[in-house]
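S.K.: Attaching a predicted model along with its sequence, questions to come.
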Amino acid sequence: MNNNKLSLYTLSTCKKCHSVKEALIHEGIYFDEVVCDEDRNGLKCDNLEIEIDCSFYPMAVITKKVERDRGGYFVYAEEKVIIHFCTKYDELMIKRKINTDYFAICALNTSDMLQLIIKNK
């Protein structure tokens with residue numbers, strides 16, 4: 001059973017956000033929505049923007065439980081894959097490492113974002 005969690009970071013008036021939400025619902029993919037223009041989510045969204053150096057919405061965050069070898073013993077850790085719209089076209093569709101547990105992938109459009117979510121979920 002897949003225990004990965006999908007969170008979709010959106011803005012309430014964003015047309016692309018609405019399109020991605022509708023596509024996820026159509027595909028039967030469960031997600032939690034984090035509406036970034038609500039006061040209670042502002043800091044969480046600001047931190048995500050800083051982490052990946054991008055302020056384009058929506059952003060999909062897939063949280064995975066992974067097993068890591070720590071020199072003869074294994075530990076479980078959380079890995080996050082953040083899928084967002086591109087600001088730099090040379091990063092398009094390339095999984096880049098942000099830090100030990102964070103990766104980011106750039107999508108060009110809604111269709112690309114949906115494909116990347118399905119592939120990485």
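M.R.: All right, it came through fine.
S.K.: now the lowest-mean-pLDDT helix or strand in the chain: how far from the chain's centre is it?
M.R.: The weakest-scoring helix or strand in the chain, judged by mean pLDDT, DSSP states H and E, is strand 95-99 (a mean of 76). In terms of Cα atoms, centre = their mean, to the nearest Å, the centre of strand 95-99 is set 12 Å apart from its chain centre.
S.K.: Helix, strand, or coil at Asp37?
M.R.: Secondary structure for Asp37, judged by DSSP: H, G, I helix; E, B strand; the rest coil, is coil.
S.K.: so it sits right up against Tyr9, yeah?
M.R.: No: contact between Asp37 and Tyr9 fails when scored by Cβ atoms under 8 Å: they sit 10.6 Å apart. From N, CA and C alone the C-beta is placed, and that goes for glycine too.
S.K.: ok, the two, which is more surrounded?
M.R.: Taking other Cβ atoms under 10 Å, Asp37 and Tyr9 do not tie; Tyr9 has more neighbours (22 against 13).
S.K.: so what's the nearest residue to that one once chain neighbours are set aside bridging to?
M.R.: Using Cβ to Cβ, 6 or more residues apart in numbering and skipping residues adjacent in sequence, the residue nearest Tyr9 is Met59, 4.3 Å away. Judged by DSSP bridges, the bridge partners of Met59 are Tyr9, His84.
S.K.: my guess is Met59 contacts Val81, does it?
M.R.: No: counting by Cβ under 8 Å, Met59 does not reach Val81; the two are 10.9 Å apart.
S.K.: Out of those two, name the residue with the larger neighbour count.
M.R.: Taking neighbours as other Cβ under 10 Å, Met59 and Val81 compare with Met59 leading, 26 against 22.
S.K.: Might you report the residue contacts of the more buried one?
M.R.: Contacts for Met59 were tallied using Cβ atoms under 8 Å, 6 or more residues apart in numbering; they are Leu8, Tyr9, Leu48, Ile52, Ile82, Ile83, His84.
S.K.: same deal with Leu114?
M.R.: Neighbouring residues of Leu114 by Cβ under 8 Å, 6+ apart: Val20, Ala23, Leu24, Glu27.
S.K.: Would you convert those residues into JSON lines that also reports pLDDT and distance to Asn3?
M.R.: JSON lines is the format used below for those (pLDDT from 0 to 100; distance: Cβ to Cβ, whole Å):
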{"residue": "Val20", "pLDDT": "95", "distance to Asn3": "22"}
{"residue": "Ala23", "pLDDT": "95", "distance to Asn3": "23"}
{"residue": "Leu24", "pLDDT": "96", "distance to Asn3": "18"}
{"residue": "Glu27", "pLDDT": "94", "distance to Asn3": "19"}
